[in-house]
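Visitor: Prediction below, plus the sequence it came from.
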Amino acid sequence: MLPSGAYVMLPMQPTGTLPHRAYNMGDRFPEWIRRSWGSGGDFVDTKGVLEDLHLNTVCQSARCPNIAECWRRHTATILILGNACTRKCAFCAVKPGTPVPVRPGEPADVAEAIDRLDLAHAVITSPTRDDLADGGAGHFAKTIRAIRERRPGTTIEVL
């Protein structure tokens, strides 16, 4: 805990704002640093599609602070192969643990979610799966094929 009256320098400010200034921990945070809580029709729609198809996202698993902004725009980074990682990296918020078995229907569900959300660009990733002989590469390939079959015009980014 900082002593009373301690000051901290804010590391970043958006373009076009005043230069850095000392920030008293008792001050209110500036408006540009605030994030709105997830709500509204588009946010709820995205959440509903993902829940209906039992899909994980990095947005949830890694506790992304931008979840409300992205989900309102019907975007999400889909996390295939479960949401438990076989490693414990200090920089990552995805929980380590025993991974779930590979869900054979997941590639089709991912493609359906992308179709229902009408995505022009899809981002797919997964936790590390050291327990799988191919590290999950085969499941990635099946997921990409399912997306291409259902939405041939959608670009796919794999992380």
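Guide: Yes, it's here.
Visitor: Around residue 87, how many other residues sit close by?
Guide: 11 (other C-beta atoms under 10 Å). Using the backbone N, CA and C atoms, a C-beta is placed for each residue, glycine as well.
Visitor: And stretch 65-74, how far out from the chain middle?
Guide: 9 Å (C-alpha atoms, centre = their mean, to the nearest Å).
Visitor: wait, stretch 141-149
Guide: Per C-alpha atoms, centre = their mean, the centroid offset for stretch 141-149 relative to its chain is 20 Å.
Visitor: For the protein, just list every one of the helices.
Guide: With DSSP state H, the ranges of helices along the chain come out as 41-52, 58-61, 67-72, 106-116, 137-150.
Visitor: who does the longest one touch, helix- and strand-wise?
Guide: The elements that helix 137-150 packs onto, with contact taken as 3 or more C-beta pairs under 8 Å, 6 or more residues apart in numbering; DSSP states H and E, are helix 106-116, strand 121-125, strand 155-158.
Visitor: returning to what we had before: mean pLDDT for the helices of the chain - can I get that in CSV?
Guide: Shown next, in CSV, are these (pLDDT from 0 to 100):
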stretch, mean pLDDT
helix 41-52, 80
helix 58-61, 82
helix 67-72, 78
helix 106-116, 96
helix 137-150, 97
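Visitor: want to try JSON lines for these, with distance to residue 159 as columns?
Guide: Converted to JSON lines, the helices of the chain look like this (distance: least, C-beta to C-beta, whole Å):
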{"stretch": "helix 41-52", "distance to residue 159": "17"}
{"stretch": "helix 58-61", "distance to residue 159": "8"}
{"stretch": "helix 67-72", "distance to residue 159": "15"}
{"stretch": "helix 106-116", "distance to residue 159": "14"}
{"stretch": "helix 137-150", "distance to residue 159": "10"}
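Visitor: And these: which comes nearest residue 90?
Guide: Closest of the helices of the chain to residue 90 is helix 58-61, at 16.2 Å (criterion: C-beta to C-beta).
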